[in-house]
Structures are given as structure tokens and as C-alpha cells.
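*Asks:* Sequence plus the predicted model coming up.
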Amino acid sequence: MLKILLKKQLAGLMAGIVTNRRTGKRRSKGALIGYLVLLLFCGLMTMVSIAAMLYLFAQMLLQGDPQILTGSGQSGEEGTILTFSQILKNAEGYSILTGNIGKYPLIDWAGGIYFIIVGVFTAAIGLIGGMFSTYSILYCAKDNETLLAMPFKPSDILLSRMLSVYLLLLMYTLIVFIPGIVIFFIFVGFSILVLLKALAMYLMFTLLMLAISCLLGWLLEIVAAKLGGKKAVTVISIIVAMGVYLLFNLGRMKLMEALTGDLFGFDEKVKTFGYPLYAYARGSVNDTVSFLLFCVIALACAALTCFLLSRSFISLITSKKSFKKKVYVEKAARTRSVFTALFRRDLRLYLTNPMYLMNTALLSLLLAVAAVVLLFNYNQLHYFNAWASESSGEYLFPLLALPLVGLSASMITISSASISIEGKTLWLLQSFPVAGNQVLGSKMLLHMLFAGIPSLMMAVCMSIAFGFSVVVSIVISVSAVLFNLFVCCVGLTLEARNPKLDWVDESMAVKQNTNTLFSFFAGGGLALAMGGISMVLYLKFHVPGPALLAFQAVVTAGLAFWFTRVALRQWPRLTEIK
Amino acid sequence: MLKIEKLTKMYGDKAAVKDLDLHIAPGEIYGFIGHNGAGKTTTLKSVAGILKFDSGTITVCGKSIVDDPVECKRHMAYIPDNPDLYEFMTGIKYLNFVADVYGVSAADRQERIRKYSEALELTGSLAQGVSEYSHGMKQKLAVIGALIHEPDLILLDEPFVGLDPLASHTLKQIMRDICDRGGAIFFSTHVLEVAEKLCDKVAIIKNGQLVRSGTMDEVRGDTSLEEVFLELK
């Protein structure tokens, strides 16, 4: 029975890949290979960017500055003046140790620090990837009643869904695991033992992420059952998300502080405040006790979660949420224009759907907060810009501003799930006497409201904080808005041509929707290309800054207007879907 | 009111509907009968402008659904067999939204919402979220939403599924009222007794092709509609 349920879950996961959503037929071999190559390319690009970040962390240790390894002002112990790379290379085979730090061999200590960083990245990706989809996959699937009517054990239904979440999480965490281990091997050299251990720890770490995600989903379902519906879930999701973000940021800041200062005490602090992370990191290197301990922690957490969830699963999915019966009182109706009605509908759909809201707009909030934070750092950034201008020219930061804002904006993927989320209600919009540009225009406005405004805030605050001239500030700000329009229209075009409407739970429309991935890569690719080309031309070929800024603005505006025209023409294509 | 000429819709190599001709005049209730997968829903969706078809023409009130879909849809309402409505809205918000989309004035919508929700016994539940509605309640809400702009042509796919006997009876009365004031109804059904009692004309579709159409007497002759239908198997 569990096997059948698992096959069903897998079929749901794979449906978007092997089936053409437009025709409902299986893709041809060529199309499937092409699609997989495209997905693989997107995955590789993400891995490369994570590898770059991990490499930077490693390089901070690679500088060979004794102060970095020993901690400023602390007396270095034997071997501590070696660079990270030297330490690891000397310790090849885990037999040559150059010294000890505390009670640990240097190799374990250094490798442990590295894997703590990998662990933090994995946790961030895993939690962001899992926490909002778990609730919807476990409890809000539309096939709950169908499955319960069949001779399946409820615990099997739960287990099959947990396993599908686990598979999803494995895919998310894989994009950290692969670059993490590759970079480690670049410095240390390949070792099959380390690879096997790291692989086991990757599976176990993801299992721990699964347990946390499932527990969170369970709590959300209990709250939703008590307080009634999705609104409570939305509010709690926002609070939890902000909490996780703040914790992650705090951890990141502590990590940065430790990497540039007191690295000695860092692992001890992690041990005290986040033992599982510590055990994971040390277990990944050469500590069998930590390895076994972490496995026990992960397995115990997963087993406990299974036990807790299975006890309440059937009662939670069969209970009606506690709605208060509202008495209808007739009020004077207020008429609205077609566009206003459509926009209000889109806004309501967005704000009452925690899965859609949290997965697409969390960054909007963070972007707005980050913009304000920039203003608080006005003095340092102003000074920093002046200093950089002296060495690299005054257009260094202005030329990086739009790519940076654009890269952030690309992650806000509201429009690229906006038609899929309609699901089986799409017939309504299709049967109404509304023009395609009204429907798509309303979705554009929603995207621009939640992505364009925070990006504009970021561009303006960045311009003020770095002290850009008025003209430069205006160009960057307008371009930032247009960049969002480009990302929005790419997402809408992809959605109108290939929406995922046959979803069983909302996470399939939002998280397992390749349109969001492709629109992110379109925006991110444009941002990175513009930034890269501008930097090379500016720093190597000394092309004037204003010309390059104009180039960025023209490319962005051109693409935004072109894609707007393309997107607004896509509505009739939805009538071609079976 | 509705003119379908040589309608053909292909799904890959398979013709879901082939060379279908149908004319529905004002004041007619037209029943559409056929086996599962015969092409009823495909035809209704094509008329509603939800599905693109391969060839043929569909005109509603003299306007082509391909050339002027928005204007055609102003005169129509469509209710699918399983109406999935906006679960993030309350019943009354849904109806006001539909009224806004069709540009119904405040006074008209208020009067129609009152009239139809009382007739279908949904008034007390209009403040509730659609997510809390039963299947039958959603069906009733979809019907009220379809009637709110007093369309000339109503397309209904299996409209009586999920409705209780009283609501079914009320809906039949409403359908008759609409036709009496010059509107037209085109609906698919598997309930042959309903078709026999309610329809002025009926069309039988098999494997995407129209096999019989005309007035009830023309189609059934001396036998019953059920016998005619079974003979086609």
C-alpha cells in the first residue's frame, strides 16, 4: 500500500517534467531531454553561485593571516599560523596532524568549521524550501477524502507524503551538498571515506530538516483548526518566517564575526547553542562519535515527528476548521470597475494564501527592511563609496546597484505562479467578458506592488546611502522598477504558455512550478550578465561609467517593454490547454 | 441566439467534436445528450470561449466567439459540471465580484442577489466563506453568479448534479422563466427524464458527431428518449 501511495506522490512530483501541461501528453524523448538539460542548467547555476559563496568563506581562511586563524590578540598554538589549505593538505589521510586546537586535531577543527558553514547554508535552504510547503503537502492536499475512502492506512498516507517532502528537501539541500563537498575536496584532495561520511550526513541532515518542517506544518494545522482557516496560518507563517530569518541573520553575523575575529571560541559556541549543527559538522570530518550522535539525533527526531503526526493525522485532515457562523446582513452594494474588481480579487487570493505569499513575497519584506537598514549605515557606506571611487572610479557602485537590485528582484516570483495558483477556478476568468490584458494587467500590478515598490525603495535608499548623484539615482531607480517589470512579464508569459493547473496541493503550483525557476534564472541571468559586462568594460577597458549606466538602463527598459508586449498577448493561449 | 456551424475540435489525432451544427433560437431550452466522452463538455467549453477549436464558427447574438469573445461573453453565462469557485471569498463577495465584472449596477445586483438567493435558499449562507460550502451550495452560488447579469444565453454542464430536489425544481423554473423572457438555455445532461420534461429541443452527440437533433417529438418519435439513446449504443 505504501508503495502505491509513494508511486502516486512521485507521479505528482514528476508530472510537470514528463508531461506537457498544454496537451496533457507525455513529452517526446527529445523534448524531455531538452527540458531536463534546461533544469540541470538552472540547478548547476544555483550550485555555482553557492560554490562561489562557500569558496569566499574558505578563502577568508586561506589568506594565511595568523590573526584570522588564531584570533586577534590570542597566542597562536603550534601550527596555527598555517593557512586553512595547508592545514588540510598536511592532514591528508588524517594521519599527519600539525597541532591541536584545544583537544581536537587541527584538521578536524578546521574541517569542522567549514562544515558548520555548509550546515548553515543547508539549513537555510532546507528550511526555506520545506517549511511552507510541508503544511500544504501534508494537510491541504485535495485528495485527502479520496485516499481516506480507499483501503489505505492513514499512517501510510502520512508517511508517503512525508517521504515526498523528504525527496523535495533532498533536491533543495543537494544544491548545497554538491558544491560544499567539491570545494572541500579541492582543498583536501578526494577521499572516499569523507565522501561516504558526508553523503550519510547529507541524508541525515535533510532528515532533520524534514522533522523540523513537518513539526512546523503540524503546528500550523493545529492553529488553523483552532483559529479557523488560512488567515491564521498566514499570520503565523509570517511571524515564523521573520523569526527564522532573524535567527539566520544573527547566526550569519556571528559566523562572520568569528571568521574575521575569534575563530577559536566559535565551534564551542556552536556546540553550546546548536549542538546538532556542531555534531553534523564534526561528524562530517573525522569524529565517529559525533557522526553516530548526529545520526541518532536525526533518526530520533524523524521517528518522534512520525509518531506525533500519525496520532493526530486523521483527526486533523477530517476535522472542519472551526469557522464561526456569520449571519448575512444585506448591505448597500458598491460597484467597481472591471480592473479594480480583478485586482482586488488577485490581492485577496494572494494575501489569503500562505503558501503563495510566503514563498514569493518574503523577499519583498526583506528587501524593504534591508533598504531601511542601508540608510542607517549611511556614514559607513558614504565613506566606503568615496574610498572605492578613489581606487576604482566613481561609477563602480552605481554600476553594481542595478544588477544587485535586479538579482534580488528576480527571487520575487509572484507572477510566475499567478496563473497556476488559479488551478481549477481558471474557468471563471476565462468565461468572464474580460480582455486578456485586464486579467494579466491585474496580475502585473500585484507583482509590481510587492516586488517593484521594495526594489524601488532599495534603489532609492542605496542611492542615498552611497551618495550617488541625482541623475544616477533616478536612472537606477527607474531601471530597478523596469527590471521588475521584465521579471514579472517573463513569469506571466511562461505561466500563460505553460501553467500548472492540475495540482493536488498548492505547493505544486508555487514551489514545484518550473516557471518560477525559469523566471528567476531569466532575471538573475540578466542581472549577472549586466553586472559582469559592465565591470569588465569599466575596470579593464575603461569605458566611461555614464555610458555603461545608460547601457544597463536601455537594455532593461528595452527588455521590459518588449516582454510586456509579449506577456499581454498571451491570454488567448490559455484556451489551447486541454 | 447561438449558431454552431461545422465545429471541429481535435485532441491530437482524435476528433473530440467533428462538423457539429446546432442552432438555438431565443426562448428555447436545448438539451445536449451523449455518452461520457461524446464531446458535450468540449462543445460547451468551445461555445463559452474557454477552449480554442480547430475549425467551424460559433456565433452568439450574431457575434463570433473567435473574433469578439468579450462581447459574446457579455451575453452568456457558463456553469461547468463541477463549479470550482473562489474559496478565498465569501458567497456575497463572490457575487459582487461577478457583478462588477459584468458591470451590473448596484440596485440591479442587490435585487437579483436577493431574488435568486432566496429562491435557492442560500441567503443565510452568503456571509460564509465559499470554502465552507457543500457541493450543492457551491452549485447554487454558481447559478446565482450566472444569473446576476441576466444573460441571453446560459450554458450549463450537468446543472442538476449535486442539487437537492427542491433546488433542482427551482432551477428548472428559473430556466423556464429565462426562456419565457426571450433568453436561451443550452445544457448537457445524463438525466433523460429531465431532458424529456424540460427541453424544447434536444441534440444527441456520439463520438463527437451529432446523430440526432430537433424538437423532442422529432427526436424520440413514438418511443421514449431513453430508448432512442440506448439504440444509439
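*Replies:* Received, thanks.
*Asks:* gap between stretch A:485-500 and the chain center?
*Replies:* Centroid separation between stretch A:485-500 and its chain, computed with Cα atoms, centre = their mean, to the nearest Å, is 19 Å.
*Asks:* For burial, what's the neighbour tally of residue 208?
*Replies:* Unless you meant another one, I'm taking chain A. 24 (other Cβ atoms under 10 Å in any protein chain shown). Every residue, glycine included, has its C-beta placed from N, CA and C.
*Asks:* meant chain B actually
*Replies:* Neighbours of residue B:208 using other Cβ under 10 Å come to 24.
*Asks:* thought it was touching residue B:11?
*Replies:* No. Using Cβ atoms under 8 Å, residue B:208 is not in contact with residue B:11; the gap is 9.9 Å.
*Asks:* which residue ranges form the strands in the stretch 251-400 of chain A?
*Replies:* Assigned by DSSP state E, counting those that start in this stretch, the strands in the stretch 251-400 of chain A number zero.
*Asks:* err, chain B, not the other one
*Replies:* Taking DSSP state E, the strands of chain B run over residues B:2-11, B:14-24, B:29-34, B:55-60, B:63-64, B:76-79, B:153-157, B:184-188, B:201-206, B:209-215.
*Asks:* if I pick the nearest residue in space to residue A:400 that is not next to it in sequence, what's in contact with it?
*Replies:* Excluding the flanking residues, the one nearest residue A:400 by Cβ to Cβ, 6 or more residues apart in numbering or on different chains is residue A:531, at 6.1 Å. By Cβ atoms under 8 Å, 6 or more residues apart in numbering or on different chains, the contact list for residue A:531 reads A:399, A:400, A:402, A:403, A:404, A:407.
*Asks:* Go through the helix or strand hosting the fourth one and flag the buried ones.
*Replies:* When elements are defined using DSSP states H and E, residue A:403 is found to belong to helix A:396-410. Within helix A:396-410, the residues that qualify as buried are A:396-410, counting by 16 or more other Cβ atoms under 10 Å in any protein chain shown.
*Asks:* Between those, which sits nearest chain B?
*Replies:* Chain B lies nearest to residue A:409 out of the buried residues of helix A:396-410, by Cβ to the nearest Cβ, at 26.2 Å.
*Asks:* residues contacting that closest one?
*Replies:* Counted by Cβ under 8 Å, 6+ apart, residue A:409 has contacts A:367, A:451, A:455, A:480, A:483, A:484, A:487, A:523.
*Asks:* Give me the number of neighbouring residues for residue B:67.
*Replies:* 10.
*Asks:* where's it relative to chain A, distance?
*Replies:* Distance of residue B:67 to chain A, given as Cβ to the nearest Cβ, to the nearest Å: 12 Å.
*Asks:* Residue B:77 too?
*Replies:* For residue B:77 relative to chain A (Cβ to the nearest Cβ), the value is 8 Å.
*Asks:* ok, for that residue, nearest residue in space, not its chain neighbours?
*Replies:* In this structure, residue B:77 finds its nearest non-sequential neighbour in residue B:146, 3.6 Å apart by Cβ to Cβ, 6+ apart.
*Asks:* Enumerate every residue touching that neighbour.
*Replies:* B:77, B:78, B:79, B:154, B:156 are the contacts of residue B:146 under Cβ under 8 Å, 6+ apart.
*Asks:* and the residue in the stretch 451-578 of chain A that chain B sits nearest to, what are its phi and psi?
*Replies:* With Cβ to the nearest Cβ as the measure, residue A:575 is the residue of the stretch 451-578 of chain A nearest to chain B, at 4.1 Å. For residue A:575, the backbone dihedrals (degrees, to the nearest 10) come out as phi -80, psi -10.
*Asks:* Assumed residue A:574 was part of a helix.
*Replies:* Yes. The assignment for residue A:574 is a helix, going by DSSP: H, G, I helix; E, B strand; the rest coil.
*Asks:* Residue ranges in chain A under the pLDDT threshold?
*Replies:* Applying pLDDT under 70 to chain A flags residues A:16, A:21-24, A:57-110, A:129, A:131-132, A:227-267, A:320-324, A:577-578.
*Asks:* got a list of what the nearest residue to residue B:101 once chain neighbours are set aside touches?
*Replies:* Excluding its sequence neighbours, the residue lying closest to residue B:101 (Cβ to Cβ, 6+ apart) is residue A:432, at 4.8 Å. With contact set as Cβ under 8 Å, 6+ apart, residue A:432 has these partners: B:73, B:98, B:101, B:102.
*Asks:* list the contacts for the third one?
*Replies:* Looking back up the chat, that one is residue B:101. Contacts of residue B:101 were listed using Cβ under 8 Å, 6+ apart, and they are A:338, A:341, A:342, A:432, A:433, A:434.
*Asks:* Check what pLDDT it gets.
*Replies:* Here the pLDDT value assigned to residue B:101 is 94.
*Asks:* which non-adjacent residue is nearest residue B:58?
*Replies:* residue B:65 (4.5 Å).
*Asks:* In contact with that neighbour, which residues?
*Replies:* Applying Cβ under 8 Å, 6+ apart, we find residue B:65 in contact with B:46, B:47, B:49, B:58, B:59, B:72.
*Asks:* Distance-wise, check it relative to residue B:156.
*Replies:* When distance is defined by Cβ to Cβ, to the nearest Å, residue B:65 is 17 Å away from residue B:156.
*Asks:* just residue B:48 next, same as before
*Replies:* 10 Å.
*Asks:* For these two, indicate the residue with more neighbours.
*Replies:* Neighbour tally, residue B:48 and residue B:156, criterion other Cβ under 10 Å: the higher count belongs to residue B:48, 27 against 23.
*Asks:* Go ahead and confirm that one touches residue B:75.
*Replies:* No. With contact defined as Cβ under 8 Å, residue B:48 and residue B:75 do not form a contacting pair (11.5 Å).
*Asks:* overlap in contacts of those two?
*Replies:* Joint contacts of residue B:48 and residue B:75 (Cβ under 8 Å, 6+ apart) do not exist.
*Asks:* May I have the phi/psi pair for the closest residue in space to residue B:110 that isn't next to it in sequence?
*Replies:* Distances taken as Cβ to Cβ, 6+ apart place residue A:333 nearest to residue B:110, at 5.2 Å, with adjacent residues excluded. Main-chain torsions, residue A:333, degrees, to the nearest 10: phi -80, psi 150.
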